[in-house]
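**Q** return atomic coordinates for the entry below.
(3 chains, ligands or ions: 2)
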Amino acid sequence: MIAHVLLPLPVDHGFDFLVPAALAAEIAVGRRVKVRFTGRDRTGIVAAVAAESAHPGELEPVLAVYPAPAFSPAALEFALEVARDYLAPPGVAVNRILPHRVAAQPRERHFCLAVDLTTAVAALERMTRAPRQAAVMRALLAATTPLSPGQLRAALGDVGRPLARLVELGLVKECGHDRPPSSPAHPLPPEHETQAAWVDALPRSGTALVYARRRYAGYARILRERLTPASGALVLAPEILAATALHRFLARYTPGPIALYHSGLPDGVRGRVWEEVRAKKVQIVVGTRSALFLPFSRLELIIVDDEQDRSYKQDEMLPYYHACTVAENRGTDGLVILGTAAPAVETFQRASQGDIALVRTDNASAVNVRIVDMKGEPSPVSTPLRDALARTLAANGKAIVMVPRRGYFQAVICKQCGRPLRCPHCGVNLAYDVNRAQLVCRVCGRAYSRFACPHCGSRALRFVGAGVERVRDEIVHAFPDARTLLVNGELIARYPDLDLEHAVADADVIVGTPMIAKGGPIPGLRLAAAIGVDALLAVPDFRAAERAYQHLIGLAGRMEDGELIIQTNYPDHYALRSVATGNYELLRENELAAREAFSYPPFARLARIFLTARSPTRRRVDADRISAALAEFGVELLGPSPHPRRAATDFILVKAKDATVLPTACRAARDTGARVEIDIDPDRI
DNA sequence: AGCACGCCGACT
DNA sequence: GTCGGCGTGCTC
Ligand SMILES: [Zn+2]
Ligand SMILES: [Zn+2]
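**A** Ligands and ions are numbered 1, 2, ... in the order given. Below you'll find the predicted structure:
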């Protein structure tokens, strides 16, 4: 017997191995196996089992078979289809998707009263000399479900001793739950019921763009009303934080167990969820894009929340897939919901052409938008913003300030000759880091202490582009009594378990990078401000204005009502006017016109071809070979230009006005033999 | 991906 | 003469 195994190598085929008789019963398509390959042990995934091999040479034996976690045959086929669509090596893709181990179910014990209520109350009255025991008894009396030691500890502190004593006395017993009994779903609060009204307008199947400011309650309603017992449902959020918040919400308002699945979980936990899905023990999963590959046997419903978010595009690692597209392929005979408060221009275009359904609620928001013209404003915190902050804080309201730049100052410019100070190694502008009191390069990390212009020698320097830390300091200086919280990537990296919701609840002013524009309403928030949106508008990407719009809508979405202040030098920019007037069409029309004029999506399809080779001449030769190979397809090539992050890598941008030729052209580029990686439909350029 | 093979410039 | 650079191709 032969096993055809996909190894994690950048090749487009698998390798055959001999299945020893002892492993014949265990071998199965989708399982992970250990093999000896080129002198070392490796693991791969069985793509097929056959009687014989077409390989002429000797075959190595399969050394071990791992029954779990494993792909179901259908899940494997789907993963391979995605790899094929995105021109990724199948072995690389499937080995990345499948977790490696299955962690044991955490054996959380649960305790409940062992006696009836009257006996318990009588015992409690006699417990005057054992207050800890009494506290445990009271907690168990009040609880509607059994409690785990962890839950008791959270409420009462360390109660191991008193709990053990109560068990000894026969007042409390352990009840045999492996997992906490799923709490009965809470009814939706009335205000959520109205927010969920759009569910009635959904089609039965196909893809629907749900353009609604508030969507979570609707998702809970769909899960309650539309899910049949035999089917699975998948709910995606763009990032781990958002997935966790959505999971918490849906677990509260939906009956039955809901699993959480994302790449931040330990491998073993992911493996456990994977296997629970395969065994149909879990019907609903909330997660990030990697959850799309879970082995659901039937998937009637996929919800992609915040459809416009660029985190849905995998662009750091193969396969370079987009979660929305993959979701639509995955849920072909069910319902796929793309939910958003600020639709991607491309998605909305599909809806307006009738390719997908459009469900649009009245998105009028109670947020009042004010655009502040920054011409002549010396401080990054304008006078109108300062006044609004003072008013808000005086009225015990909360404020949030978004600054799209990290650190302290974006750049340092010579007052004498006007030129920016650059890193001599990388050529990029140097940023100022207050903590080190040095100029730092964001590309190579080098720091410099020489504060003088290399061109004219002048020591008169101007710091420009206030970053989030600088704005925070400015606000702390202006409002020393307010509790100010800085939220940036560094904070999340340093405290991965930080409960952001709690931290935010304790702050008066939250200053942060655009990550704070994601998420639901913050209680008590009355003022939101966007500082330096011009930096967002100036990003060299055809989607820059759309992204700025989406960030601003996201920021406004963190308030139920209140004021949004936008600081800009371009008060008439259509993206900002569109936010101010609540008129999405204004953004859409301007974007469509620009993209049609310059042949960008949705009027063309793009791909990036990465060329990796040590020598630049080699990359040049490859680039020439590719442009020769693509000549016949009538596509436009831009570049090659150096990759912004990866060393020894260039990329070519491919633009195809005919959407259907792009995959063919990309395949032709791959088959030139040049060492390439291809990113179809990139999300940033 | 890793590793061997093989071909051309420049060094004891 | 050999050493070592990397481009090419193969691994079940
Ligand atoms: Zn100068
Ligand atoms: Zn540098």
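**Q** which parts of stretch A:386-401 are buried?
**A** A:388-389, A:392-393, A:397-401 (16 or more other CB atoms under 10 Å). From N, CA and C alone the C-beta is placed, and that goes for glycine too.
**Q** output it as CSV, restricted to C-alpha atoms.
**A** In CSV, the C-alpha atoms belonging to stretch A:386-401 read as follows (Å, rounded to 0.1, in the frame of the first residue of the first chain):
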residue,chain,number,x,y,z
ARG,A,386,-8.8,71.3,23.3
ASP,A,387,-12.1,73.1,24.0
ALA,A,388,-14.2,70.0,23.3
LEU,A,389,-11.9,67.8,25.5
ALA,A,390,-12.3,70.4,28.3
ARG,A,391,-16.1,70.4,27.9
THR,A,392,-16.3,66.6,27.8
LEU,A,393,-14.1,66.0,30.8
ALA,A,394,-15.9,68.6,32.8
ALA,A,395,-19.2,66.8,32.1
ASN,A,396,-17.6,63.5,33.2
GLY,A,397,-17.6,62.2,29.7
LYS,A,398,-14.9,60.1,28.1
ALA,A,399,-12.9,61.0,25.0
ILE,A,400,-10.9,58.9,22.4
VAL,A,401,-8.2,60.3,20.2
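**Q** and the closest residue to residue A:555 other than its chain neighbours, what is it in contact with?
**A** Closest residue to residue A:555 apart from its sequence neighbours, by CB to CB, 6 or more residues apart in numbering: residue A:517 at 4.3 Å. Counting by CB atoms under 8 Å, 6 or more residues apart in numbering, residue A:517 makes contact with A:402, A:551-552, A:554-555, A:557-558.
**Q** mind putting these in CSV, pLDDT and secondary structure included?
**A** Formatted as CSV, the contacts of residue A:517 follow (pLDDT from 0 to 100; DSSP: H, G, I helix; E, B strand; the rest coil):
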residue, pLDDT, secondary structure
A:402, 97, strand
A:551, 97, helix
A:552, 98, helix
A:554, 96, helix
A:555, 97, helix
A:557, 94, coil
A:558, 95, coil
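**Q** distance check, the residue nearest to residue A:555 against DNA strand C.
**A** Distance, residue A:517 to DNA strand C, using CB to the nearest atom of the strand, to the nearest Å: 44 Å.
**Q** then residue A:131?
**A** 69 Å.
**Q** one more: residue A:207?
**A** For residue A:207, the distance to DNA strand C - CB to the nearest atom of the strand - is 39 Å.
**Q** and for residue A:470?
**A** Residue A:470 is 43 Å from DNA strand C, by CB to the nearest atom of the strand.
**Q** picking that back up, in strands, which of the buried residues of stretch A:386-401 fall?
**A** Among the buried residues of stretch A:386-401, the ones falling in strands (DSSP state E) are A:398-401.
**Q** could you dump the residues you listed to TSV with distance to DNA strand B?
**A** Shown next, in TSV, are these (distance: CB to the nearest atom of the strand, whole Å):
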residue	distance to DNA strand B
A:398	49
A:399	49
A:400	43
A:401	44
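**Q** nearest to DNA strand C, of those?
**A** Closest approach to DNA strand C among these (CB to the nearest atom of the strand): residue A:401, at 49.3 Å.
**Q** could you double-check that that closest one lies in contact with residue A:510?
**A** Yes: with contacts counted by CB atoms under 8 Å, residue A:401 reaches residue A:510, the gap being 7.0 Å.
**Q** so who does the residue most central in space within chain A touch?
**A** With distances taken as CA atoms, centre = their mean, the residue of chain A nearest its centroid is residue A:239 (2.2 Å). Residue A:239 sits next to A:288, A:309, A:311, A:518 when contact means CB under 8 Å, 6+ apart.
**Q** what's the local residue count around residue A:111?
**A** 23 (other CB atoms under 10 Å).
**Q** swap that for residue A:520, sorry
**A** As a burial measure, residue A:520 scores 16 neighbours (other CB under 10 Å).
**Q** report pLDDT for it.
**A** pLDDT for residue A:520: 88.
**Q** so which strand or helix has it?
**A** Counting by DSSP states H and E, no helix or strand carries residue A:520.
**Q** what's the separation between the most far-flung residue of chain A relative to its centre and residue A:119?
**A** For chain A, the residue at maximal distance from the C-alpha centroid (CA atoms, centre = their mean) is residue A:126, at 54.1 Å. Distance of residue A:126 to residue A:119, given as CB to CB, to the nearest Å: 11 Å.
**Q** related to what we said a few turns ago, and the two most separated of the buried residues of stretch A:386-401?
**A** A:397 and A:401 (13.4 Å; CB to CB).
**Q** out of the contacts of residue A:517, who's the most crowded?
**A** That'd be residue A:402 among the contacts of residue A:517, by other CB under 10 Å, with 29 neighbours.
**Q** surely that one and residue A:531 touch.
**A** Yes: if you go by CB under 8 Å, residue A:402 and residue A:531 touch, sitting 6.9 Å apart.
**Q** which residues touch residue A:535?
**A** A:404-405, A:410, A:465.
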